[in-house]
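# sequence first, then the predicted structure, then my questions.
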Amino acid sequence: MTLTDRTMFIISADAAATQECINELTASGGHSQIQMASSVEEARRQFRRTPPAVVFLDESAVDLVHGESLESAVALLTETAPVVVAAAPEKQADLAFLITSSAVDFVTRTGRFAPIAAGLLDRRVRMAERTAGVIQFPNEELDGDFGEILRHEVNNPLTGILGNTELLLARRDRLPPAAIERLQTIAELAVRLRETVRRLSNAWEEHHEHAHHV
(Lines give C-alpha, C1' and ligand atoms only; values in the text may rest on other atoms or scores of the structure.)
Protein backbone atom coordinates (compact mmCIF):
# COMPACT_ATOMS: atom_id res chain seq x y z
CA MET A 1 0.00 0.00 0.00
CA THR A 2 1.11 3.61 -0.46
CA LEU A 3 2.43 5.99 2.16
CA THR A 4 -0.86 7.88 2.09
CA ASP A 5 -2.79 4.69 2.83
CA ARG A 6 -0.89 4.34 6.11
CA THR A 7 -1.37 7.91 7.32
CA MET A 8 -3.03 8.46 10.70
CA PHE A 9 -4.32 11.97 11.34
CA ILE A 10 -4.66 13.29 14.89
CA ILE A 11 -6.95 16.27 15.46
CA SER A 12 -6.61 17.63 18.98
CA ALA A 13 -6.17 20.95 20.76
CA ASP A 14 -4.82 19.13 23.82
CA ALA A 15 -1.02 18.91 23.45
CA ALA A 16 -0.63 16.41 26.28
CA ALA A 17 -3.29 14.06 24.89
CA THR A 18 -1.75 14.32 21.42
CA GLN A 19 1.70 13.43 22.67
CA GLU A 20 0.41 10.50 24.71
CA CYS A 21 -1.42 9.13 21.68
CA ILE A 22 1.70 9.48 19.53
CA ASN A 23 3.77 7.71 22.20
CA GLU A 24 1.30 4.80 22.25
CA LEU A 25 1.29 4.50 18.46
CA THR A 26 5.09 4.60 18.32
CA ALA A 27 5.40 2.01 21.09
CA SER A 28 3.13 -0.37 19.19
CA GLY A 29 5.82 -0.74 16.54
CA GLY A 30 3.68 0.37 13.60
CA HIS A 31 5.13 2.16 10.61
CA SER A 32 2.25 4.54 9.91
CA GLN A 33 2.82 8.20 9.18
CA ILE A 34 1.25 10.52 11.75
CA GLN A 35 0.00 13.99 10.89
CA MET A 36 -1.61 16.50 13.23
CA ALA A 37 -3.94 19.48 13.35
CA SER A 38 -5.50 21.44 16.19
CA SER A 39 -8.87 21.98 14.49
CA VAL A 40 -11.23 20.15 12.16
CA GLU A 41 -11.06 22.98 9.64
CA GLU A 42 -7.25 22.83 9.50
CA ALA A 43 -7.31 19.04 9.16
CA ARG A 44 -9.74 19.09 6.26
CA ARG A 45 -7.49 21.53 4.40
CA GLN A 46 -4.60 19.11 4.81
CA PHE A 47 -6.75 16.18 3.67
CA ARG A 48 -6.78 17.69 0.17
CA ARG A 49 -3.04 17.03 -0.03
CA THR A 50 -2.82 13.80 1.96
CA PRO A 51 -6.06 11.87 2.57
CA PRO A 52 -5.49 9.71 5.67
CA ALA A 53 -6.34 6.07 6.29
CA VAL A 54 -7.91 6.92 9.66
CA VAL A 55 -8.62 10.01 11.75
CA PHE A 56 -8.46 10.49 15.51
CA LEU A 57 -10.67 13.34 16.73
CA ASP A 58 -10.25 14.59 20.28
CA GLU A 59 -13.28 16.54 21.47
CA SER A 60 -10.92 19.36 22.47
CA ALA A 61 -10.55 20.26 18.78
CA VAL A 62 -14.26 20.92 18.24
CA ASP A 63 -14.99 24.63 18.20
CA LEU A 64 -18.09 24.82 20.39
CA VAL A 65 -17.63 28.59 20.78
CA HIS A 66 -18.46 29.14 17.11
CA GLY A 67 -21.31 26.65 16.99
CA GLU A 68 -19.49 23.60 15.66
CA SER A 69 -21.01 20.43 17.08
CA LEU A 70 -19.20 17.14 17.66
CA GLU A 71 -21.77 15.31 15.53
CA SER A 72 -21.39 17.61 12.52
CA ALA A 73 -17.58 17.56 12.79
CA VAL A 74 -17.46 13.76 12.87
CA ALA A 75 -19.93 13.44 9.99
CA LEU A 76 -17.72 15.69 7.83
CA LEU A 77 -14.59 13.71 8.68
CA THR A 78 -16.19 10.36 7.80
CA GLU A 79 -16.43 11.56 4.21
CA THR A 80 -12.65 11.11 4.06
CA ALA A 81 -11.84 8.20 6.40
CA PRO A 82 -13.02 6.22 9.43
CA VAL A 83 -12.90 8.25 12.64
CA VAL A 84 -11.91 7.32 16.18
CA VAL A 85 -13.53 9.84 18.55
CA ALA A 86 -12.52 10.61 22.13
CA ALA A 87 -15.22 12.54 23.94
CA ALA A 88 -17.19 12.82 27.16
CA PRO A 89 -19.35 9.72 27.88
CA GLU A 90 -22.62 11.58 27.34
CA LYS A 91 -21.60 12.42 23.75
CA GLN A 92 -21.70 8.77 22.69
CA ALA A 93 -25.48 8.84 22.28
CA ASP A 94 -25.18 11.78 19.86
CA LEU A 95 -22.95 9.66 17.62
CA ALA A 96 -25.01 6.47 17.83
CA PHE A 97 -25.94 6.44 14.13
CA LEU A 98 -22.34 6.90 13.00
CA ILE A 99 -21.02 4.33 15.48
CA THR A 100 -23.52 1.60 14.53
CA SER A 101 -22.75 2.16 10.84
CA SER A 102 -19.10 1.16 11.56
CA ALA A 103 -17.70 4.49 10.32
CA VAL A 104 -16.84 5.64 13.85
CA ASP A 105 -15.23 4.16 16.96
CA PHE A 106 -15.87 5.88 20.29
CA VAL A 107 -13.49 6.22 23.23
CA THR A 108 -14.60 7.71 26.53
CA ARG A 109 -12.36 10.69 27.29
CA THR A 110 -11.63 9.78 30.89
CA GLY A 111 -8.45 8.55 32.56
CA ARG A 112 -5.77 7.15 30.24
CA PHE A 113 -7.82 6.89 27.07
CA ALA A 114 -4.83 7.17 24.69
CA PRO A 115 -3.90 3.44 24.72
CA ILE A 116 -7.46 2.48 23.75
CA ALA A 117 -7.58 5.11 21.02
CA ALA A 118 -4.18 4.01 19.67
CA GLY A 119 -5.36 0.39 19.51
CA LEU A 120 -8.45 1.36 17.52
CA LEU A 121 -6.40 3.52 15.15
CA ASP A 122 -4.00 0.66 14.53
CA ARG A 123 -6.92 -1.71 13.84
CA ARG A 124 -8.39 0.70 11.31
CA VAL A 125 -5.06 1.03 9.48
CA ARG A 126 -4.73 -2.74 9.33
CA MET A 127 -8.19 -2.89 7.77
CA ALA A 128 -7.06 -0.33 5.18
CA GLU A 129 -4.03 -2.52 4.44
CA ARG A 130 -6.26 -5.56 3.94
CA THR A 131 -8.44 -3.51 1.60
CA ALA A 132 -5.41 -2.52 -0.46
CA GLY A 133 -4.32 -6.15 -0.59
CA VAL A 134 -7.67 -7.33 -1.93
CA ILE A 135 -7.96 -4.58 -4.51
CA GLN A 136 -4.38 -4.63 -5.75
CA PHE A 137 -3.24 -8.20 -5.11
CA PRO A 138 -6.25 -10.54 -4.79
CA ASN A 139 -5.38 -13.98 -3.49
CA GLU A 140 -7.09 -16.92 -1.87
CA GLU A 141 -6.06 -15.93 1.64
CA LEU A 142 -7.66 -12.49 1.40
CA ASP A 143 -10.73 -13.38 -0.67
CA GLY A 144 -12.68 -14.43 2.41
CA ASP A 145 -12.36 -10.91 3.83
CA PHE A 146 -13.77 -9.22 0.74
CA GLY A 147 -17.35 -9.10 2.05
CA GLU A 148 -16.29 -7.39 5.26
CA ILE A 149 -14.04 -4.97 3.40
CA LEU A 150 -16.78 -4.13 0.91
CA ARG A 151 -19.11 -3.17 3.76
CA HIS A 152 -16.40 -1.20 5.52
CA GLU A 153 -15.08 0.82 2.60
CA VAL A 154 -18.40 1.61 0.91
CA ASN A 155 -20.32 2.22 4.12
CA ASN A 156 -17.87 4.85 5.37
CA PRO A 157 -18.62 7.44 2.65
CA LEU A 158 -22.28 6.42 2.66
CA THR A 159 -22.41 7.12 6.39
CA GLY A 160 -20.93 10.54 5.79
CA ILE A 161 -23.60 11.25 3.19
CA LEU A 162 -26.41 10.06 5.46
CA GLY A 163 -25.04 11.83 8.51
CA ASN A 164 -24.78 15.18 6.76
CA THR A 165 -28.19 14.73 5.13
CA GLU A 166 -29.81 14.04 8.50
CA LEU A 167 -28.11 17.10 10.00
CA LEU A 168 -29.60 19.25 7.25
CA LEU A 169 -33.05 17.67 7.54
CA ALA A 170 -32.98 18.36 11.28
CA ARG A 171 -33.13 22.04 10.28
CA ARG A 172 -35.92 21.59 7.76
CA ASP A 173 -37.76 24.60 9.19
CA ARG A 174 -35.07 26.77 7.57
CA LEU A 175 -35.13 25.03 4.19
CA PRO A 176 -37.40 25.45 1.16
CA PRO A 177 -39.66 22.47 0.30
CA ALA A 178 -37.68 21.63 -2.87
CA ALA A 179 -34.43 21.33 -0.89
CA ILE A 180 -36.10 19.11 1.71
CA GLU A 181 -37.42 16.83 -1.04
CA ARG A 182 -33.95 16.50 -2.61
CA LEU A 183 -32.34 15.75 0.74
CA GLN A 184 -34.91 13.05 1.44
CA THR A 185 -34.17 11.52 -1.97
CA ILE A 186 -30.44 11.53 -1.22
CA ALA A 187 -31.06 9.79 2.10
CA GLU A 188 -33.34 7.16 0.54
CA LEU A 189 -30.86 6.38 -2.24
CA ALA A 190 -27.97 6.11 0.22
CA VAL A 191 -29.95 3.70 2.40
CA ARG A 192 -30.82 1.60 -0.67
CA LEU A 193 -27.17 1.51 -1.72
CA ARG A 194 -26.09 0.48 1.78
CA GLU A 195 -28.61 -2.35 1.74
CA THR A 196 -27.33 -3.48 -1.67
CA VAL A 197 -23.78 -3.53 -0.32
CA ARG A 198 -24.95 -5.58 2.67
CA ARG A 199 -26.64 -8.15 0.42
CA LEU A 200 -23.65 -8.38 -1.93
CA SER A 201 -21.14 -8.79 0.89
CA ASN A 202 -23.28 -11.45 2.57
CA ALA A 203 -23.64 -13.33 -0.73
CA TRP A 204 -19.88 -13.15 -1.27
CA GLU A 205 -19.16 -14.55 2.18
CA GLU A 206 -21.68 -17.37 1.73
CA HIS A 207 -20.19 -18.24 -1.67
CA HIS A 208 -16.67 -18.20 -0.29
CA GLU A 209 -17.63 -20.38 2.67
CA HIS A 210 -19.46 -22.85 0.43
CA ALA A 211 -16.49 -23.04 -1.97
CA HIS A 212 -14.14 -23.94 0.87
CA HIS A 213 -16.43 -26.73 2.05
CA VAL A 214 -16.82 -28.36 -1.32
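It's in. Keep in mind that what you see is a predicted model, and the values were worked out from it rather than measured.
# could you use CA atoms for every contact and neighbour count after this?
OK.
# what residues of the lengthiest helix in the chain count as buried?
The single longest helix within the chain, with elements called by DSSP state H, is helix 177-213. By neighbour count with 16 or more other Cα atoms under 10 Å, helix 177-213 contains the buried residues 180, 183-184, 187, 190-191, 194, 197-198, 201-202, 204-205, 208.
# now do stretch 49-68
Counting neighbours by 16+ other Cα under 10 Å, one finds that the buried residues in stretch 49-68 are 50-63.
# in helices, which of those appear?
Per DSSP H, the subset of the buried residues of stretch 49-68 in helices is empty.
# would you map the helices across this structure?
Going by DSSP H, the chain shows helices at 15-27, 40-47, 70-77, 96-100, 114-136, 140-143, 146-169, 177-213.
# any idea which of these gets closest to residue 8?
Taking Cα to Cα as the criterion, residue 8 comes closest to helix 114-136 out of the helices of the chain, the separation being 7.5 Å.
# got the end-to-end distance for stretch 28-48?
28 Å (Cα to Cα, to the nearest Å).
# all numbers from here: first residue = 457
Okay, using 457 as the starting number, the last item reads as stretch 484-504.
# and for it, what's in contact with it?
Identification of contacts with stretch 484-504 by Cα atoms under 8 Å, 6 or more residues apart in numbering yields 459-460, 462-469, 478, 517-519, 529, 533, 536, 578.
# tell me where the model's unsure across the protein.
Per-residue confidence for the chain (pLDDT under 70) gives these ranges: 457-461, 485-488, 520-522, 585-609, 663-670.
# circling back: now render the buried residues of helix 633-669 as CSV, adding distance to residue 540.
What follows is the buried residues of helix 633-669, written out as CSV (distance: Cα to Cα, whole Å):
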residue, distance to residue 540
636, 31
639, 27
640, 28
643, 24
646, 23
647, 23
650, 21
653, 23
654, 23
657, 24
658, 26
660, 28
661, 27
664, 31
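# show me which pair in those is furthest apart.
Using Cα to Cα, the buried residues of helix 633-669 reach their maximum pairwise distance at 636 and 664, which is 42.1 Å.
# okay, and the beta partners of the residue nearest to residue 537 when sequence neighbours are not counted?
Here the nearest residue to residue 537 in space, its sequence neighbours aside, is residue 510; by Cα to Cα, 6 or more residues apart in numbering that works out to 5.3 Å. For residue 510, the beta-bridge assignment (DSSP bridges) gives partners residue 464.
# sorry, back to before: which of the helices of the chain sits closest to residue 563?
When these are ranked by proximity to residue 563, the top entry is helix 570-592, at 6.4 Å, counting by Cα to Cα.
# look up how far residue 548 lies from residue 579.
For residue 579, the distance to residue 548 under the criterion Cα to Cα works out to 20 Å.
# per the record, what domains does this structure have?
Domain assignment for the chain, taken from automatic domain parsing, gives 460-591, 594-669.
# pick the most buried one from those.
Each of these was assessed for mean neighbour count using mean count of other Cα atoms under 10 Å. The highest is domain 460-591, with a mean of 18.
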